[in-house]
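**Q** Give me a model of this one.
(one chain, ligands or ions: 2)
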Amino acid sequence: MAEWHIGVIGGSGLYQPGALDDAQEIPVGSAFGKPSGPVTTGRIAGVRFTFIARHGPGHALSPSYVNYRANIDALKRCGVTDILAISAIGSLAEEMEPGQFVAVDQLIDRTTGRERSFFGDGIVAHVPMADPICPRLSGYAIKAAKKTEATVHETGTYVAIEGPQFSTRAESLMYRSWGAHVIGMTAMPEARLAREAELPYALLGMVTDYDCWRDAVADVDVADILAVMQANADIARNTLQELASVLPKTRKASPIDTVLETAIVTPPEHWAAEATTRLDAVAGRLVKAVPQQGG
Ligand SMILES: CSC[C@H]1O[C@H](OP(=O)(O)O)[C@H](O)[C@@H]1O
Ligand SMILES: Nc1ncnc2[nH]cnc12
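**A** Ligands and ions are numbered 1, 2, ... in the order given. Predicted coordinates:
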């Protein structure tokens, strides 16, 4: 029987997952460097959840310094089947108000200089990203969030900026003209890497501010963001509790679970041994299938 195991990536203001049965904090490693911190694993209503704080203990890592590859690789090593990211987001749309949730369904990547792939040095893969968010997991997250007191927008395009500075007014207006609804600094390359690791990924954003495009309110300020996030962290944690109750008892296979099968272009006889070792979790299913030469 296939079980759900939900990996949760907690963003700004969400540094703890809330009540988990048999909770254990476990230091985790990765073949891609140091994850943001230890994971906390436990169960809610029988469903396993494994949580990592994206910015690390004490929020010591800025968006550019988060090791996204190590975090996703570590979650994969823990056996998670799906990832729900929870993030603070700025609003670029009048109707998306501070304190509300947006279930992001599209992403625009404006980040620069972050490691954005597990592949490339020894084994090359090109995964499809047309729909970066898993509609199934997002649907369950929406259902769960609606069981709390929060207002939930079921779709929204998120523009990921490099940061750590917030946008200029001209940029903010430009992103609105592109059709983006919300803004943040972390969903990319996180979503790309989850896809490469064959992990369905959904993103629930908590609106914390109106960025700087809107004349009627003060420009975005980090203290205000954290205050909104802290005021709403319990709603995010309650959403996790509700998620456990809305998930079906068994997890049916998703097409994302096997996306690498048609994405790897390097034939196995050309795979470098170091690459297969590094990818033992991310692409373990496929890499393990290859008989290694010399024993
Ligand atoms: C603390 S304000 C800016 C910061 O908040 C968001 O982080 P996360 O996505 O991890 O919740 C945003 O992306 C920035 O990193
Ligand atoms: N306005 C904003 N810009 C970028 N990241 C954010 N995270 C929360 N609010 C944000």
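**Q** any bit of the helix or strand where P189 lies sitting next to ligand 2?
**A** Secondary-structure assignment from DSSP states H and E places P189 in helix 187-196. No - using CB under 6 Å from any ligand atom, we find that helix 187-196 stays clear of ligand 2, coming within 10.0 Å at best. No exception for glycine: its C-beta is placed from N, CA and C like everyone else's.
**Q** Quick check: next helix or strand after that helix?
**A** Beyond helix 187-196 in the direction of the C-terminus, DSSP H and E gives the next helix or strand as strand 201-209.
**Q** The residue lying closest to P200 once chain neighbours are set aside and ligand 1, how far apart?
**A** Closest residue to P200 apart from its sequence neighbours, by CB to CB, 6 or more residues apart in numbering: C134 at 3.3 Å. Distance, C134 to ligand 1, by CB to the nearest ligand atom, to the nearest Å: 18 Å.
**Q** for C134, what are its contacts?
**A** 82, 200-202, 254, 256 (CB atoms under 8 Å, 6 or more residues apart in numbering).
**Q** can we see that at 6 Å?
**A** 200-202, 256 (CB atoms under 6 Å, 6 or more residues apart in numbering).
**Q** cool, and R285?
**A** With contacts defined as CB under 6 Å, 6+ apart, R285 has no neighbours.
**Q** L92 now?
**A** 175-176, 180-181, 183, 211.
**Q** mind listing the strands for the stretch 51-200 of the chain?
**A** Along the stretch 51-200 of the chain, the segments classed as strands by DSSP state E, counting those that start in this stretch run 82-91, 101-104, 106-110, 152-153, 157-161, 182-184.
**Q** can I get the ones you listed in JSON lines with distance to R69?
**A** Below are these laid out as JSON lines (distance: least, CB to CB, whole Å):
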{"stretch": "strand 82-91", "distance to R69": "14"}
{"stretch": "strand 101-104", "distance to R69": "21"}
{"stretch": "strand 106-110", "distance to R69": "15"}
{"stretch": "strand 152-153", "distance to R69": "30"}
{"stretch": "strand 157-161", "distance to R69": "16"}
{"stretch": "strand 182-184", "distance to R69": "19"}
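**Q** Rebuild these as JSON lines, extending it with mean pLDDT.
**A** Converted to JSON lines, the strands of the stretch 51-200 of the chain look like this (pLDDT from 0 to 100):
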{"stretch": "strand 82-91", "mean pLDDT": "97"}
{"stretch": "strand 101-104", "mean pLDDT": "98"}
{"stretch": "strand 106-110", "mean pLDDT": "98"}
{"stretch": "strand 152-153", "mean pLDDT": "98"}
{"stretch": "strand 157-161", "mean pLDDT": "98"}
{"stretch": "strand 182-184", "mean pLDDT": "98"}
